[in-house]
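Chemist: compute the structure for the input listed below.
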Amino acid sequence: MKKTMLILSLILLIGCSKQQAKDIPLSQVLEEIKVIAEFNNTQTADLTDQKVAAQYGIDPTSISEGYVYYSTEGNTADEVIVARAASRKEVENVEKAISGELTAKSTAWKSNEKESKKIENHVMRTIGDCVLLAIGDKSTEIEQVFNQLKSQ
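Modeler: As a prediction, this is how the structure comes out:
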């Protein structure tokens, strides 16, 4: 059931991603997200780094910019991924990789009710060539910051 919902969500995201994205640097968007997210003991990783990208199933040549912001505490699933595809052709590949991370997190935390609920209430959104995955108590607020990328 969860897999079906995840696949359906991904299909809807792909179908609804006709908007263009502003050229706001994702590093700037991430700094605003950090203020809202309120994760404890955090770390930021650059997805253009080969080793980091491999951990998330992302081909670093498929993105021009990307970051993972997460809590280093072992007892929380809190995580934000923002990535800008290198081209419109790469958007679907980036979405699939990030969706794979969501599935892996869901599996890893299935026995923890609190963290499983956070994952269930995730936000995954694509605007133009930019993809967001937000897992945490403030995922809706994080999505509002990400919405700044919409062209007017």
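
Chemist: so which residues of the chain form strands?
Modeler: 42-46, 63-71, 79-85, 123-127, 130-135 (DSSP state E).

Chemist: export those to a markdown table and tack on mean pLDDT?
Modeler: Below are the strands of the chain laid out as a markdown table (pLDDT from 0 to 100):
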| stretch | mean pLDDT |
| --- | --- |
| strand 42-46 | 96 |
| strand 63-71 | 96 |
| strand 79-85 | 97 |
| strand 123-127 | 96 |
| strand 130-135 | 97 |
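
Chemist: and of those strands, who's closest to residue 91?
Modeler: strand 79-85 (4.4 Å; Cβ to Cβ). (Glycine included, C-beta is placed from N, CA and C.)

Chemist: and the closest one, what does it pack onto?
Modeler: Using 3 or more Cβ pairs under 8 Å, 6 or more residues apart in numbering; DSSP states H and E, the elements in contact with strand 79-85 are helix 26-37, strand 63-71, helix 91-108, strand 130-135.

Chemist: mind giving me TSV with those and columns for mean neighbour count?
Modeler: Rendered in TSV, the data for those read as follows (neighbours: other Cβ atoms under 10 Å):
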stretch	mean neighbour count
helix 26-37	18
strand 63-71	22
helix 91-108	18
strand 130-135	26
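
Chemist: good, wrapping up.
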